[in-house]
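Participant: how would this look folded up:
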Amino acid sequence: MRLASLDSFRGLAIAGMILVNNPGSWSHVYAPLRHAEWHGITPTDQIFPAFLFIVGAAIPFTLARYRETAAQDRGAFHRRLIRRVMVLFALGLVLNASTMVLEWAINGAPLDVSTIRIMGVLQRISLAYLLAVLLVLTCSPRLQIVVVGLVLLAYWAALELIPVPGYGPGDLTPEGSLPSYIDRALLTPAHLYQGWFDPEGLLSTLPAAASVMFGTAAGAWVKRSVVSSRVSAGLIAAGLLCLLAGALWGLAFPINKQLWTSSYVIFTAGGSLVLLGLCYEIMEVRRWSWVGWPFQVMGVNAITLFFASGIVARLLSVVRMADGRSLQLWIYEDLLVPWAGRLDGSLAFALATVLVWWLVLYGLYRRGWIIRI
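Facilitator: The predicted structure is shown next:
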């Protein structure tokens, strides 16, 4: 069983990722398309947890398929799970290394693999997915809720009560927070995103797995329900409650994407539930397929799109024009700024990137090519 609404929601999320990751200039970006500097939330901060939520929402459907195989060969089921996790993690490492490798191959820059970032978006997806699947396989639905609740409470307690050497307990700054201290100790500064902090670090992957589990609960409910507006209304109502709960918890434990705080998990799960409810009503109940179809085209090959767009974006930044500017900067400054200005030209570059990739994905969609990881 494949839900068109879930594919459309996934496509909306990946389109959002491409849009916010590819401005013409990082110095000229509209505020809603930026991440919050630290505490707080913007529409951009909803995108990644929405994607994790969707990963979770698909788990009840994929496990139902794989359990038939597992009944005959349990080892094959586990090998498939581990292979998927390892491939996702490896693709993330390739993305992290690609800029350095491209600079070496094209511009002759030195190649220093000792500074490759270990964690990243795909790495977080792989680990959070693994934790969520293991929880679903080993715990009843009621126990899953208990475990997720305990993880979120324990994460809050850990960040507030465990002292970080040189900073003490309860320090939620980039330098003094417990997640950044653990990442510096285990991954070492040379392998972190900013040297002293990584927004996709190790400890914060635990609440990220909780984001996946919110999606799993929603997907399980949708799977066992008859298609009706009652399902849409239930998803939206649950989402509004989570938005309220997350906002209230945020008064004590700030909503923060980079720390992936517990309040952030619940608040963004609320946003995802509302969006899934709307997609479900449009695509499944009312069957207005034309509304979600453009996003469905991107959603069926979302991971492929994320990886390929990341490689191409890095290639555009590495290829140099005769005047020394990158190809990306030349397109922005010489083709877009003259007629759109710096701010709108930057947005135009991002929108054009989304459109070009939509056309590529449409070619795959027409041929029925779904590249599975």
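Participant: domains of the protein?
Facilitator: 1-34+298-373, 47-287 (automatic domain parsing).
Participant: pull up the distance across the longest one, start to finish.
Facilitator: From its first residue to its last, domain 47-287 covers 25 Å (CA to CA, to the nearest Å).
Participant: for the one helix or strand residue 329 maps to, C-alpha coordinates in CSV please.
Facilitator: Using DSSP states H and E, residue 329 sits within helix 327-330. Provided in CSV are the C-alpha atoms of helix 327-330 (Å, rounded to 0.1, in the frame of the first residue of the first chain):
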residue,chain,number,x,y,z
LEU,A,327,29.8,29.0,-11.6
GLN,A,328,27.0,29.4,-9.1
LEU,A,329,28.0,33.0,-8.2
TRP,A,330,28.3,33.8,-11.9
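Participant: and residue 132, what helix or strand is that in?
Facilitator: Going by DSSP H and E, residue 132 is part of helix 121-138.
Participant: my guess is residue 126 meets residue 83, correct?
Facilitator: No. Residue 126 lies out of contact with residue 83 (CB atoms under 8 Å); the separation is 10.9 Å. Where you see a C-beta, it was placed from the backbone N, CA and C, and this is true even at glycine.
Participant: ok, those two, which is more surrounded?
Facilitator: residue 126 (23 against 11; other CB atoms under 10 Å).
Participant: how near is that one to residue 133?
Facilitator: Distance from residue 126 to residue 133, counting by CB to CB, to the nearest Å: 11 Å.
Participant: repeat for residue 115
Facilitator: From residue 115 over to residue 133 (counting by CB to CB), the distance is 32 Å.
Participant: give me the more crowded residue out of these two.
Facilitator: Taking other CB under 10 Å, residue 115 and residue 133 do not tie; residue 133 has more neighbours (22 against 14).
Participant: contacting residues around that one?
Facilitator: 59, 63, 81 (CB atoms under 8 Å, 6 or more residues apart in numbering).
Participant: can we see that at 10 Å?
Facilitator: 55-56, 59, 62-63, 66, 81, 84-85, 209, 212, 216 (CB atoms under 10 Å, 6 or more residues apart in numbering).
Participant: cool, and residue 102?
Facilitator: Neighbours of residue 102 in contact, by CB under 10 Å, 6+ apart: 109, 311, 314-315, 317-319.
Participant: again, but for residue 222
Facilitator: 3, 5-6, 57, 60-61, 231-232, 234-235, 276-277, 280, 284.
Participant: can you rerun that using 8 Å?
Facilitator: 3, 57, 231, 235, 280.
Participant: ditto for residue 27
Facilitator: Per CB under 8 Å, 6+ apart, neighbours of residue 27: residue 342.
Participant: mind redoing it with 10 Å?
Facilitator: So residue 27 contacts 342-343, 346 (CB under 10 Å, 6+ apart).
Participant: ditto for residue 46
Facilitator: 13, 16, 53, 257, 264, 267-268, 270-272, 275.
Participant: closest to residue 371 among these?
Facilitator: Closest to residue 371 out of the contacts of residue 46 is residue 13 (17.4 Å), distances taken as CB to CB.
Participant: hang on, the closest one in a helix?
Facilitator: Yes. Per DSSP: H, G, I helix; E, B strand; the rest coil, residue 13 lies within a helix segment.
Participant: tally up the residues packed near it, please.
Facilitator: 27.
Participant: swap in residue 290?
Facilitator: Residue 290, neighbours per other CB under 10 Å, totals 8.
Participant: which helix or which strand is home to it?
Facilitator: Going by DSSP H and E, residue 290 is in helix 289-299.
Participant: show me what that helix is packed up against.
Facilitator: For helix 289-299, the elements it packs on are helix 4-21, helix 262-280, helix 302-318, helix 337-366, judged by 3 or more CB pairs under 10 Å, 6 or more residues apart in numbering; DSSP states H and E.
Participant: residue 218: helix or strand, and which one exactly?
Facilitator: helix 205-224.
Participant: what comes up buried for that helix?
Facilitator: 205-222 (16 or more other CB atoms under 10 Å).
Participant: what's the answer for stretch 34-54, then?
Facilitator: 35-36, 41-42, 44-54.
Participant: and if you look at stretch 84-91?
Facilitator: Those would be 84-85, 88-89, 91, for stretch 84-91 by 16+ other CB under 10 Å.
Participant: check stretch 243-255 too.
Facilitator: Result for stretch 243-255 [16+ other CB under 10 Å]: buried residues 243, 246, 249-250, 253-255.
Participant: turn the residues you listed into TSV, columns for secondary structure and pLDDT.
Facilitator: Shown next, in TSV, are the buried residues of stretch 243-255 (DSSP: H, G, I helix; E, B strand; the rest coil; pLDDT from 0 to 100):
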residue	secondary structure	pLDDT
243	helix	98
246	helix	98
249	helix	98
250	helix	97
253	coil	97
254	coil	98
255	coil	98
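Participant: nearest to residue 362 among those?
Facilitator: Once CB to CB is applied, the member of these that ends up nearest residue 362 is residue 243, at 33.8 Å.
Participant: state the distance from the nearest residue to the closest one once chain neighbours are set aside to residue 317.
Facilitator: Excluding the flanking residues, the one nearest residue 243 by CB to CB, 6 or more residues apart in numbering is residue 270, at 3.5 Å. Look at residue 270 and residue 317: by CB to CB, they are 36 Å apart.
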